[in-house]
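> Pasting a predicted model and its sequence here:
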Amino acid sequence: MDISFKVTLKNRYGLHVRPATTIAATASQFKSAITVANSRGEQADARYPMELLVLAAMRGEELTITVGDGDTAAASALRELFDSSFGGIE
């Protein structure tokens, strides 16, 4: 069963290269499929920073993260990453 949850981008410049790379590095640690969808319904594979950048997500935008196979560890890691604003990356 997939796990889906919503997060809001808090960092000043939205989803730019550094946070996209951080998301991809985190997602790559897990075997499950992980997608990120923007408010317009566009989706990206979380393992690929360039796909994440195409979402053009700005500060305050709500994103939907979907983690396959009920991978609670991956879901927790990604939720924590967004909650911490990618470790303080502006």
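All right, it came through fine.

> so what's the residue lying farthest from the centre of the chain up against?
Going by C-alpha atoms, centre = their mean, the residue of the chain most distant from its centre is Met1, 18.8 Å out. Taking C-beta atoms under 8 Å, 6 or more residues apart in numbering, we find Met1 in contact with Gly70. In short, each C-beta sits where N, CA and C put it, glycine included.

> Distance of it relative to Thr64?
16 Å (C-beta to C-beta, to the nearest Å).

> ranges for the strands of this structure?
3-8, 34-37, 43-45, 62-67 (DSSP state E).

> Adding distance to Gly88 and mean pLDDT as columns, could you present those strands in a markdown table?
A markdown table is the format used below for the strands of the chain (distance: least, C-beta to C-beta, whole Å; pLDDT from 0 to 100):
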| stretch | distance to Gly88 | mean pLDDT |
| --- | --- | --- |
| strand 3-8 | 16 | 97 |
| strand 34-37 | 20 | 98 |
| strand 43-45 | 23 | 98 |
| strand 62-67 | 19 | 98 |
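
> Can you tell me which of the ones you listed is packed in deepest?
Compared across the strands of the chain, strand 34-37 shows the largest average neighbour count, a mean of 22 (mean count of other C-beta atoms under 10 Å).
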